[in-house]
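Novice: this is the structure alone, sequence omitted:
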């Protein structure tokens, strides 16, 4: 280790976390904030709910395809270059969303946003895991993930103010400019590996400072890029991720629309559900991932998925009871926020760190497919039946099935969630 590294007061891992926090704050304000703007876009542009879901699907189709490549590029070129470059695409697509006049323009431009957003999760979660010792990953990912919860919570309050003074288009313009700012921030402050700075991951035990990570398990040692797809855990984790993503995005995408047009809330009150959901995310990511460092990722995900099913049931039962609805949405938000870092951490727990980005990118394909199914079917069924009851009931069942699949995931040989 260099003398410079010894003299540092703040480990560079924390600078990486801070920059990635800002990335997630802006990116998820753009992505999750779509559900807040959707009722206004429906009102002014005449979109159906199925079209609203399909616009989000345009994002996810491009997102899931590009996520695999951004994961691979992260392993090959380093996260700093990948993230900074894709922030340019994110900013351009977001700004263009403010100019849409019809359904197809919205699909194309939100697809561009999805391309930029593909570098705002897989490379970031891969990068942070490389900067922290394996027993500290849950804590680091929890702190990091407050960024998307806070981003969603802020947009739930910010968007209605902008809409009241101007219109929904300015929300996209403002966030597009913010995304361009991320290019400079990432290019100057991110570092792709601790070794580049003469450091080891933060939290590495004093008696093992030469270790970059814990020794890979027998399962991990045998697992290469091609071998990943024949490992049963990969498919169990992947399909569980698909189901829980479909469950979460049915409720997320149409939550404000449900409150606005089915329960009869005014727009300001309906959009407050996004704020409650986002605050719940912050509480969840600061507790659940840290808990997983002690009881293991597998048990934590099992527990979380069951709680998501209970939360959705409570949302349906709450109806127009404001207190019950807000509490249920907050409870759902807590486990929504912790779901993605927990599934992302599985890429580091069960596979070698050299291919971590590729594995997380591959798992993201399952996540994106789940979100696409949710948006398409959820909006279509709402258009046909005039109610979100069936989509929400289906989301509850999907969450329970996601928990069941994870029950069969096997620990690495050296111990639980090492």
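Specialist: Here it is on my side, so go on. Treat the numbers as computed from the prediction; the structure is a model and nothing was measured. Numbering: from 1, shown residues only.

Novice: where does pLDDT dip in the stretch 251-400 of the chain?
Specialist: Scanning the stretch 251-400 of the chain for pLDDT under 70 picks out the ranges 346-358.

Novice: in it, which spans are helices?
Specialist: Using DSSP state H, counting those that start in this stretch, the helices of the stretch 251-400 of the chain run over 267-285, 288-295, 297-318, 322-350, 356-385, 389-406.

Novice: which residues touch the last one?
Specialist: Read that as helix 389-406. Contacts with helix 389-406, where a contact means C-beta atoms under 8 Å, 6 or more residues apart in numbering, come from 236-237, 239-241, 243-244, 246-248, 250-251, 254, 298, 301-302, 305-306, 308-309, 312-313, 315-316, 374, 377-378, 381-382. Just so you know, the C-beta spots here come from the backbone N, C-alpha and C atoms, and that holds for glycine as well.

Novice: go again using 6 Å as the cut-off
Specialist: Residues from elsewhere that reach helix 389-406 (C-beta atoms under 6 Å, 6 or more residues apart in numbering): 236, 239-240, 243-244, 246-247, 250-251, 301-302, 305-306, 308-309, 312-313, 316, 378, 381.

Novice: show the buried residues in these.
Specialist: Among the contacts of helix 389-406, those buried by neighbour count (16 or more other C-beta atoms under 10 Å) are 236, 239-240, 243-244, 246-247, 250-251, 301-302, 305-306, 308-309, 312-313, 316, 378, 381.

Novice: where along the stretch 1-150 of the chain do the helices fall?
Specialist: For the stretch 1-150 of the chain, the helices defined by DSSP H, counting those that start in this stretch cover 3-7, 12-31, 34-45, 49-77, 79-97, 103-117, 122-131, 137-165.

Novice: mind listing what's buried along the second one?
Specialist: By that I understand helix 12-31. Within helix 12-31, the residues that qualify as buried are 12-13, 15-31, counting by 16+ other C-beta under 10 Å.

Novice: spit out the contact partners of residue 249.
Specialist: Contacts of residue 249 (C-beta under 6 Å, 6+ apart): 371, 374.

Novice: cutoff 8 Å now
Specialist: Residue 249 is in contact with 56, 370-371, 374-375, 378, counting by C-beta under 8 Å, 6+ apart.

Novice: settle this for me: residue 25 is touching residue 147, isn't it.
Specialist: Yes: with contacts counted by C-beta atoms under 8 Å, residue 25 reaches residue 147, the gap being 4.4 Å.

Novice: need the residue closest to the centroid of the chain.
Specialist: By C-alpha atoms, centre = their mean, the chain has its centre lying nearest to residue 340, at 5.2 Å.

Novice: that residue and residue 124 touch, don't they?
Specialist: No: look at residue 340 against residue 124 with C-beta under 8 Å: they stay out of range, at 10.9 Å.

Novice: what separation do you get for residue 187 and residue 302?
Specialist: 40 Å (C-beta to C-beta, to the nearest Å).

Novice: likewise residue 66?
Specialist: Look at residue 66 and residue 302: by C-beta to C-beta, they are 30 Å apart.

Novice: before we move on, what about residue 405?
Specialist: To residue 302, residue 405 is 10 Å away according to C-beta to C-beta.

Novice: what does residue 19 give?
Specialist: 32 Å.

Novice: circling back to that earlier point, out of the helices of the stretch 1-150 of the chain, which is closest to residue 325?
Specialist: Taking C-beta to C-beta, helix 137-165 is the member of these nearest to residue 325, at 14.3 Å.
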